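Trainee: Okay, here's the prediction I keep looking at, along with the sequence it came from:
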Amino acid sequence: MADQNDKKVVKVYATEEDVAVSLAKYVADLSAKFAKERGSFTVVLSGGYLIDTIRKLTLPPYVDSVEWSKWHVFWVDERVVPKNHVDSNYKLAFDGFLSKVPIPSGQVSAINDALSAEGAAEDYQTGLKHLVDTGVLAKSSVTGFPKFDLMLLGMGPDGHVASLFPGHPLLEEKEKWVTHIMDSPKPPPQRITFTFPVINSSAYIAMVVCGPGEVDAVYKALGKTENPVLLPVQRVTPEEELKWFLDEVAASKLQE
Ligand SMILES: O=C1O[C@H](COP(=O)(O)O)[C@@H](O)[C@H](O)[C@H]1O
């Protein structure tokens, strides 16, 4: 089995615009590969500025060339708020991306916002199990957890990914696919999130970080100094490839 470092690619682009251009091509190429190989493409979104960074997919040539009918969309984490709430990751993705591309609405797996955090996590996991049973979602032969084709992740200034925060006991969850958090240090406090076994069973992960907010976290995650305690982002180890998309601002401490 390849060493995790063999699976990690770090690309630094001059500007955020260059990141957006390169990310669109990366996603479109993987969409074509999986649509051909499996007949479907399972894509996991996060919240935050990731959604703005995939904006090029909503424009020519991609809006016309990507096989949107093959896409199945999921969230790596969601805030337990109504879907029309300003804090909803679904609303963010719908307004900035999903409303602009022809993905069938039945292939968009949003949270059930009528449920409690615990109920919503269980409900989301049940939905994923059904998609594994019907073959839409692959299963990792290595871990037995669902294997998403691509996760598009962002990172917070504290190194959190999804709703997995530094020092939180949920970092150690080993069995559940989807869990809930009632005390997120970043508001809103109630959320559901994929666990690390699921994140790390995915085939490809794009880690997208631009701008000044995460300069220190990027340096801690990718710089030469080893941290005694790993940041959540440093626990991300997908099965095929982890590709970092950074702009020069986010990577500025790496280049010192
Ligand atoms: O709260 C969240 O934060 C992370 C990072 O957000 P960003 O604004 O720093 O990009 C995001 O990936 C996650 O989905 C979201 O719920």
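Mentor: Sure, I can see it.
Trainee: Around the ligand, which positions in the protein sit nearby?
Mentor: The chain comes close to the ligand at residues 46-50, 77, 89, 154, 156, 163, 186, as judged by C-beta under 6 Å from any ligand atom. Bear in mind the C-beta positions are built from the backbone N, C-alpha and C, glycine included.
Trainee: If any of the residues you listed are buried, put those into a PyMOL selection.
Mentor: Applied in PyMOL, the following selects the buried portion of the residues of the chain next to the ligand according to 16 or more other C-beta atoms under 10 Å:
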select buried, resi 46+47+48+49+50+77+89+154+156+163
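Trainee: show me the residues around the residue in the stretch 151-256 of the chain positioned nearest to the ligand that make contact.
Mentor: At 3.2 Å from the ligand, Gly154 is the closest residue in the stretch 151-256 of the chain, using C-beta to the nearest ligand atom. The contact partners of Gly154, by C-beta atoms under 8 Å, 6 or more residues apart in numbering, come to 46-50, 161, 207-209.
Trainee: Looking at the residues of the chain next to the ligand, which are in helices?
Mentor: Judged by DSSP state H, helices contain the following of the residues of the chain next to the ligand: 50, 89.
Trainee: how about the residues of the chain next to the ligand in TSV, adding pLDDT?
Mentor: Listed next are the residues of the chain next to the ligand as TSV, based on pLDDT from 0 to 100:
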residue	pLDDT
Ser46	98
Gly47	97
Gly48	95
Tyr49	95
Leu50	97
Asp77	98
Asn89	98
Gly154	98
Gly156	97
Ser163	98
Lys186	96
